[in-house]
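Undergrad: coordinates only, sequence not included:
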């Protein structure tokens, strides 16, 4: 289980998170939505210790992340896969080398085991046999799938997706959505998905949380969010900037 408890984070005078609290249960896919620049990616970086809260704290499986030693933090990260917004592949490395990076850094695996894990991960994202290709030879959607393969190669318990469908056409976005569902169903991973794509949120989410003004404005099932009466949440999910929030007292 992942718990973010009253997390505050500022960068200079800019306050990004102001009491962000969220529980992510075992086996679910939690989708975090919100306007661009509101701190969605900042929030999940606290889970892997890339950022530390100014106040508040974060727990992963009962471990308080900000209090972990460097060795303990590295051990925790071995159970968390991170899918970056633009895949973040190394152009000078082959696809196989990109996917194997985490396994080689982790150590303790034979070359045969690494090759097998890489092949299995690429098979799961429907990209068998591309190990010898380079990122420049693949489409944007294929590179995103390689990013997912790299994240699952270490067989993590948790997967964090940062804007996985950004910049993709609708068909390719739907493929990525189905892969995220597959990761949950076949691997049993608990996932957090950062997105502003409501079609994707409704497709992959077990629950959806909206980040607004540094806090969780509302969290609920897909049905609860779709039928919300909260004017701020409705404005976002419907994409209707003409809602009269002033009259609603917001």
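TA: Cool, got the structure. Quick caveat: nothing in here was measured; it's all calculated off a predicted structure. Numbers count the residues shown, from 1 in each chain.
Undergrad: Give me the packing partners of the biggest helix by length in the chain, helices and strands only.
TA: Ranked by residue count, the top helix of the chain under DSSP state H comes out as helix 170-187. Judged by 3 or more C-beta pairs under 8 Å, 6 or more residues apart in numbering; DSSP states H and E, the packing partners of helix 170-187 are strand 29-33, helix 111-124, helix 140-152, strand 158-162, strand 190-194, helix 198-204. Where C-beta positions appear, they are placed from N, C-alpha and C, glycine not excepted.
Undergrad: Out of those, which gets nearest to residue 89?
TA: Among those, helix 140-152 comes nearest to residue 89, with 5.9 Å by C-beta to C-beta.
Undergrad: for the record, mean pLDDT for that closest one?
TA: Taken as a whole, helix 140-152 carries a mean pLDDT of 92.
Undergrad: Any stretches of this protein with poor pLDDT?
TA: By pLDDT under 70, the low-scoring segments of the chain are 241-250.
Undergrad: center of it - which residue?
TA: Central residue of the chain (C-alpha atoms, centre = their mean): residue 161, 2.1 Å from the mean position.
Undergrad: Next up, the contacts around it.
TA: 83, 180, 191, 192, 193, 194, 195 (C-beta atoms under 8 Å, 6 or more residues apart in numbering).
Undergrad: For the first one, grab the count of nearby residues.
TA: This means residue 83. 26 (other C-beta atoms under 10 Å).
Undergrad: Tell me how far it lies from residue 105.
TA: 17 Å (C-beta to C-beta, to the nearest Å).
Undergrad: And the last one, by the same measure?
TA: Computed with C-beta to C-beta, the distance linking residue 195 and residue 105 is 28 Å.
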